[in-house]
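> build me a model from this:
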Amino acid sequence: MKRLFATLLALWLGFALPAHAEGKRTATPYAPAKAVFDIYLDDPAKLGSALYWVRALLNPLLDAPYSYAPEDLSIVVVIHGTEIVTLAKKNQARYQDVVQRMRYYTSLGVTFKVCGDAAADYGYAPKDFQDFVEIVPNAITELVHWQQQGYALVTPQIMSKRFSVEEIR
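As a prediction, the model looks like this:
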């Protein structure tokens, strides 16, 4: 009875109730990205997941309908947690997958910076790092610098997956 009344009221007011409305895709008119990623992880094994955040920014902007060239984008990654060890040359074999991904992103114009203070805490000198890494004085001052230049701050959140998609769908 209530449904019938709502339908009659809607028709009388001149609009129809959607039977089953659907979502729709839209292409937001994104500008070329200026982003600084704040990577501070409690486990170096989480770096691979954090790098997916970089990929999630790059891929849509490089693909249609945006089709930006890598040089149109400006992406900086500041590393200052336990993941620093992944960039030490002596650990290359252990972290080969993430190092290769970072090299690939570097080829697309992404800049990787390591906190000099944190590097010193780990006993690393600039010569200990991969050749694509830049050592900056301090991660926090670096993050503030890029934000003052108009860069969006992105801080990846790495969660532990407790349920499969099928379980929660």
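
> what is the neighbour count of residue 31?
When neighbours are counted by other CB atoms under 10 Å, residue 31 registers 10. All C-beta spots, glycine's among them, are computed from the backbone N, C-alpha and C.

> and what of residue 88?
By other CB under 10 Å, 20 other residues sit near residue 88.

> and for it, nearest residue in space, chain neighbours not counted?
Ranked by CB to CB, 6 or more residues apart in numbering and with sequence neighbours excluded, the top spatial neighbour of residue 88 is residue 128, at 5.3 Å.

> make sure that neighbour is actually in contact with residue 85.
No: Residue 128 is beyond contact range of residue 85, at 10.2 Å (criterion: CB atoms under 8 Å).

> one step back: which residues touch the residue nearest to residue 88?
By CB atoms under 8 Å, 6 or more residues apart in numbering, residue 128 lies in contact with 88-90, 119.

> let's see 10 Å
Taking CB atoms under 10 Å, 6 or more residues apart in numbering as the criterion, residue 128 is in contact with 84, 87-91, 119, 122, 135.

> any chance of those residues in JSON lines, plus secondary structure?
Formatted as JSON lines, the contacts of residue 128 follow (DSSP: H, G, I helix; E, B strand; the rest coil):
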{"residue": "84", "secondary structure": "helix"}
{"residue": "87", "secondary structure": "helix"}
{"residue": "88", "secondary structure": "strand"}
{"residue": "89", "secondary structure": "helix"}
{"residue": "90", "secondary structure": "helix"}
{"residue": "91", "secondary structure": "helix"}
{"residue": "119", "secondary structure": "helix"}
{"residue": "122", "secondary structure": "coil"}
{"residue": "135", "secondary structure": "strand"}
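
> could you give the bridge partners of the closest residue to residue 134 other than its chain neighbours?
With sequence-adjacent residues excluded and distances taken as CB to CB, 6+ apart, residue 134 is closest to residue 113, at 4.8 Å. The partner list for residue 113 in beta bridges (DSSP bridges) reads residue 78, residue 134.

> where along this structure do the strands fall?
Assigned by DSSP state E, the strands in the chain fall at 34-39, 74-79, 111-115, 133-136, 152-154.

> as CSV, the ones you listed with distance to residue 52 would be great.
CSV is the format used below for those (distance: least, CB to CB, whole Å):
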stretch, distance to residue 52
strand 34-39, 11
strand 74-79, 13
strand 111-115, 15
strand 133-136, 20
strand 152-154, 12
